[in-house]
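In: everything below, folded, please.
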Amino acid sequence: MRLSSLADYAVVMMSAAARHCGSVGRLNATMLAEETGLPLPTVQKLVSRLSAGGLIESTRGTGGGFRLSRPAAAISLAEIIEAVEGPIALTTCVDEARHDCALEGDCRVKPHWNVVNGAVRGALDGVSLASLSRIPA
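Out: Sure, this is the predicted structure:
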């Protein structure tokens, strides 16, 4: 299992944003692009998705920018990933709208995937943005 590059970049960006909480009123995409090395269009795209996901608050115009919607300790890795990629699921068969599996009719494992997905999400939910943004000694 691997995160998409965009989800990985969202974690990098949110970690940088968390490190600046308190020291800067509002952040801007250009500053985070420079600090993280991410392309500015990617940061702008992530700001949009993370804002839609309720993880950052964005203000347009002069003096605008964005900030975390709540303390970094109250934002989980699972929430960041889901804001970018949607619900955490290791297989697509748990999506009732999809019917693209050749084994769907006879699969005896399908009923158990939600338990597995819940365990993975639970583990990711246990990692806070605050813990990811700490600079190691």
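
In: list of residues touching stretch 127-134?
Out: For stretch 127-134, the surrounding residues in contact (Cβ atoms under 8 Å, 6 or more residues apart in numbering) are 11, 14-16, 18-19, 68, 71-78, 80. All C-beta atoms are positioned from the backbone trio N, CA, C, and that covers glycine.

In: between these, which sits nearest Ile56?
Out: Leu68 (5.9 Å; Cβ to Cβ).

In: the protein: helices as residue ranges?
Out: For the chain, the helices defined by DSSP state H occupy 5-20, 29-36, 40-52, 77-85, 113-125, 129-133.

In: could you dump the ones you listed into JSON lines and include mean neighbour count?
Out: Formatted as JSON lines, the helices of the chain follow (neighbours: other Cβ atoms under 10 Å):
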{"stretch": "helix 5-20", "mean neighbour count": "19"}
{"stretch": "helix 29-36", "mean neighbour count": "17"}
{"stretch": "helix 40-52", "mean neighbour count": "17"}
{"stretch": "helix 77-85", "mean neighbour count": "20"}
{"stretch": "helix 113-125", "mean neighbour count": "14"}
{"stretch": "helix 129-133", "mean neighbour count": "18"}
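
In: need the ones you listed in a markdown table with distance to Ala102 and mean pLDDT, can you?
Out: A markdown table is the format used below for those (distance: least, Cβ to Cβ, whole Å; pLDDT from 0 to 100):
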| stretch | distance to Ala102 | mean pLDDT |
| --- | --- | --- |
| helix 5-20 | 28 | 94 |
| helix 29-36 | 42 | 92 |
| helix 40-52 | 33 | 95 |
| helix 77-85 | 25 | 96 |
| helix 113-125 | 16 | 92 |
| helix 129-133 | 39 | 92 |
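
In: the contacts of stretch 127-134: which two are farthest apart?
Out: Top of the distance list for the contacts of stretch 127-134 (Cβ to Cβ): Arg19 and Ala78, 20.3 Å.

In: grab the most central residue of this structure for me.
Out: Nearest to the geometric centre of the chain sits Ile80, at 1.8 Å (Cα atoms, centre = their mean).
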